[in-house]
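Enquirer: sharing a sequence plus its predicted fold:
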Amino acid sequence: MPPHRHVCRPLFTALALATAILLSLCPAPAGAELKGDLVIFHAGSLTVPMAQMEAEFERRHPRVDVKREPAGSTKCARKIIELQKPCDIMASADYKVIDKLLLPDHAVGNIRFATNQMVLCHTATSADADEIRADNWMEILARSGVRWGHSDPNLDPCGYRSLMVLQLAEKHYQRSGMYKKLYDSPDRIVRPKSVELISLLQSGNLDYAWEYRSVAVQHDLHYIELPAAINLGDYRHDAAYAEAMVAVTGKKPGTTMELRGKSITYGVTLVKQAPNRDTAVAFLAFMLDPDGGLKILADCGQPPFTPARVADEAMRDALPAELRPLVTVAR
């Protein structure tokens, strides 16, 4: 064997070792395959569309395992800030939950991506279902023995929105004292999240339940549509909606927050300490794609904002570069 080969072998070994070290220090290329667990906390009312987004995203990225935890939006936020549970993305049924509880310490931006409206759901066998209408439902709910329910206002935006609708309806229908009568009713049932009321409806243990229209459509429920002046579904009525107020548990134990009525707007955010940040950003890009997640929402009966919205340029600039083209600035 020629002598020069004995000289080159150590040099080759050293170069190979140096190359390996450099590669280990360099970040993965932009097109690297996504993998690992992706943890998403989301509002219970998003369960159906999120399940479809999960299936499609995992089809595109087979090495990713999306792990969703549906719950009331406020409860989702508290799992992040109080329990410090690992989470990559949080999607809330009320974007203000992100504003009030997660920003700026726990979240990167707040992207408004969909709307909804409140409806009163029932089944064909619900008490007095044959006579309930959009102009007499308050009287029917007030009847003795008619069981109706909503989710917990301290845990779920659908809960405080249900109470806001009752307040607005009292004034709209000129039924003085009706809100207190319904609130104090022994037939009023409260559950942690709104989707838990669906099984009670379907089993006949509940006659009426307050839900989002998208949830009613997704679960093939009968429902009463309400006037835009009280259903929290039309931003043009925001001034009137603001006349309703519900006090809920605050950010610190023992405190309360006063929430004013406002048109329903869903928000989503990237958690600052996301364990799988790259995959989370890719999922958000898919979720905000008009031909991806936003189309899934529309197909599930929930109107998306196309494009999604952020409050100002500063919030848009704070987002990962991949997400900026997918949002617009809108108050």
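Expert: Nice, I can see it. Numbering: from 1, shown residues only.

Enquirer: helix or strand: which one has residue 53?
Expert: Following DSSP states H and E, one finds residue 53 within helix 47-60.

Enquirer: before we move on, what about residue 224?
Expert: Counting by DSSP H and E, residue 224 is part of strand 222-225.

Enquirer: any stretches of this structure with poor pLDDT?
Expert: Along the chain, segments meeting pLDDT under 70 span 1-31.

Enquirer: in it, which spans are strands?
Expert: 36-43, 64-71, 89-92, 107-115, 118-122, 148-151, 188-191, 208-212, 222-225, 245-249, 256-260, 265-271, 304-310, 327-329 (DSSP state E).

Enquirer: can you redo those as a markdown table with mean neighbour count and distance to residue 78?
Expert: C-beta: built from backbone N, CA, C; applies to glycine. Formatted as a markdown table, the strands of the chain follow (neighbours: other C-beta atoms under 10 Å; distance: least, C-beta to C-beta, whole Å):
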| stretch | mean neighbour count | distance to residue 78 |
| --- | --- | --- |
| strand 36-43 | 22 | 10 |
| strand 64-71 | 18 | 9 |
| strand 89-92 | 27 | 11 |
| strand 107-115 | 24 | 13 |
| strand 118-122 | 24 | 24 |
| strand 148-151 | 26 | 15 |
| strand 188-191 | 16 | 17 |
| strand 208-212 | 28 | 21 |
| strand 222-225 | 17 | 30 |
| strand 245-249 | 16 | 9 |
| strand 256-260 | 14 | 13 |
| strand 265-271 | 24 | 13 |
| strand 304-310 | 20 | 24 |
| strand 327-329 | 15 | 26 |
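
Enquirer: among those, which comes closest to residue 54?
Expert: strand 64-71 (4.2 Å; C-beta to C-beta).

Enquirer: strand partners of the closest one, parallel vs antiparallel please.
Expert: Strand pairing for strand 64-71, using DSSP bridges, gives strand 36-43 (parallel).

Enquirer: how far off strand 265-271 does the strand it pairs with point, in degrees?
Expert: Between strand 36-43 and strand 265-271, the angle comes out at 150 degrees (axes from the mean of the first three to the mean of the last three C-alpha atoms, to 10 degrees).

Enquirer: ok now strand 36-43, how far from the chain's centre?
Expert: In terms of C-alpha atoms, centre = their mean, to the nearest Å, the gap separating the centre of strand 36-43 from the centre of its chain is 12 Å.

Enquirer: got it, and stretch 104-124?
Expert: Stretch 104-124 sits 5 Å away from the centroid of its parent chain (C-alpha atoms, centre = their mean).

Enquirer: can you tell me the distance between the two ends of it?
Expert: 47 Å (C-alpha to C-alpha, to the nearest Å).

Enquirer: which parts of the stretch 201-331 of the chain are helices?
Expert: 213-218, 238-241, 277-287, 293-299, 313-318 (DSSP state H, counting those that start in this stretch).
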